[in-house]
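S.K.: 3D, please:
(one chain, ligands or ions: 1)
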Amino acid sequence: MTSIVVLGSTNMDLVAFVPKAPARGETVTGREFRTIPGGKGANQAVAAARAGADVSMIGAVGADDFGARLRAALEGSGVDTDLLRTAEGPSGTAHIVVDDEGGNAIVVVPGANGTVTSLDHGDEALIATADALLLQLELPLSVVTEGAATARRLGVRTVLTPAPAQPLPPELLAVTDLLVPNEHEAAALTGIADPHAAAAALLTLVPEVVITLGAAGSLHAARDSEAFTVSAPRVRAVDTTAAGDTFVGALAVALGEGRAVREALAWASSAAALSVQREGASSSMPYRSEIDAAHGSLTGQEVDAV
Ligand code: ADP
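M.R.: Sure thing, here's the model as predicted:
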C-alpha cells in the first residue's frame, strides 16, 4: 500500500452562517453555527487515507476539547496520529463567517500549529518509510523547510501545496519535487496571471508543477516533458471547500501507486469532483471505491497538449 506522511496543520473551523457579514462595530444575528475539523494538513491526510493510502500525520493539536475532536476525526478516517503532538494551550482555529451570497471572511489563529518548530528522530524515521511527504504552509516555514529537506535527504518525494499564498524561501523550493498551487497561488508566486506562463516560470524553481484550475481542471508541467491539461468532470458544485486538498491527497496516492501522470491527474480530478458535489471539507471527501466508480463512468476525459 502507498505510504504517505503529512506534515501540516489541524484547525477546528468555527463557522457562522449569516445573512450578511457584520461591518466593523456591528453585531448581526447568525442563522447557524458549526464546528468542522479542518486545517489544510489534516484535510490532505483524510483525502489520502480515504483514497486508499496508509497515512500518518505529523503536527500538533491543542490540549483542549477541540484537540481531542481533531485527533478523533483523523483517526476516524484511518489516519495514524501517533506522532501528532498534543501541545499546551489551544488548538488551531479558523473563525469563518459565511454570508448568504456564499462569500466568506476568515481569521486563522494557529494555536498548537505554531508550536511545531522542529522534527525529532521519530518524525524522521516515519518520513523515511513514506512514498511521499505532503506539506502546506500552515505550520512555521522553518519546520516545513526542515521536513522537506529531511524527505529529500531520505529520497522521499516532497509535494508542496503553497497555501496560504506567501513568498517561498529558496531553501524550501530547492527541496520541493512537486509544487501544486491553485491558479491564484501560482499567480501570487510568479506575478503571472496566465497559468501556462506561470507554470513555465515555476519550472525554473522546481522540477514539476501541477496548477489546479477549479472547474477548468488542472495543468501539468515538468522540465522533462510537454505540458498538458486534464479537464475536470462537469458536475454541479455545491461546496468547493477543500477541493484542492482532496485533489492533492488523491494525486499523491495515485502517483505513489506508480500510475502514469496523466492518469493520476484524471483520477485526482474524479476525487475532487466528487467532493465539490457535497457540503463540507473533510466530510465531503470520497473513499477509494467511490473514486474508482466515478472515474470508471467517465467516457474518457479530455487530455490536451498545450
Ligand atoms: P482550491 O480548492 O485549492 O482553490 P481549485 O479550485 O483549483 O483549488 O480546485 C482543485 C481541483 O478541484 C480542480 O483542479 C478540479 O479538479 C476540482 N474542482 C474544483 N472545482 C470544481 C468544479 N466546480 N467542478 C469540478 N471539479 C472541480
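S.K.: for stretch 206-216, which positions count as buried?
M.R.: V206, E208, V209, V210, I211, T212, L213, G214 (16 or more other C-beta atoms under 10 Å). C-beta coordinates here come from the backbone N, C-alpha and C atoms, glycine included.
S.K.: biggest separation within those, which pair?
M.R.: V206 and G214 (21.8 Å; C-beta to C-beta).
S.K.: Show me which residues of this structure are close to the ligand?
M.R.: 182, 212-215, 217-218, 232-233, 235, 237, 240, 243-244, 247, 269, 272-273, 276 (C-beta under 6 Å from any ligand atom).
S.K.: Of those, keep whichever come out buried.
M.R.: 182, 212-214, 217-218, 232-233, 240, 243-244, 247, 269, 272-273, 276.
S.K.: just to revisit the earlier point, mind putting the buried residues of stretch 206-216 in a markdown table, secondary structure and pLDDT included?
M.R.: A markdown table is the format used below for those (DSSP: H, G, I helix; E, B strand; the rest coil; pLDDT from 0 to 100):
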| residue | secondary structure | pLDDT |
| --- | --- | --- |
| V206 | coil | 98 |
| E208 | strand | 98 |
| V209 | strand | 98 |
| V210 | strand | 98 |
| I211 | strand | 98 |
| T212 | strand | 98 |
| L213 | coil | 98 |
| G214 | helix | 96 |
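S.K.: And the strands in this structure, which stretches?
M.R.: In order along the chain, the chain carries the following strands (DSSP state E): 3-7, 11-18, 32-38, 54-62, 84-87, 92-99, 104-109, 132-135, 157-160, 178-179, 208-212, 218-222, 225-230, 303-305.
S.K.: avg pLDDT for the fourth one?
M.R.: Regarding strand 54-62, the rounded mean pLDDT is 98.
S.K.: One more: the second one?
M.R.: Confidence over strand 11-18 (mean pLDDT, whole number) is 94.
S.K.: Ok, the third one next?
M.R.: For strand 32-38, the per-residue pLDDT values average out at 94.
S.K.: orientation of it relative to strand 54-62 in degrees?
M.R.: 120 degrees (axes from the mean of the first three to the mean of the last three C-alpha atoms, to 10 degrees).
S.K.: How about the second one?
M.R.: Here strand 11-18 runs at an angle of 70 degrees relative to strand 54-62 (the same axes, to 10 degrees).
S.K.: Adjacent strands (with direction) for strand 11-18?
M.R.: The pairing partners recorded for strand 11-18 under DSSP bridges are strand 32-38 (antiparallel), strand 92-99 (parallel).
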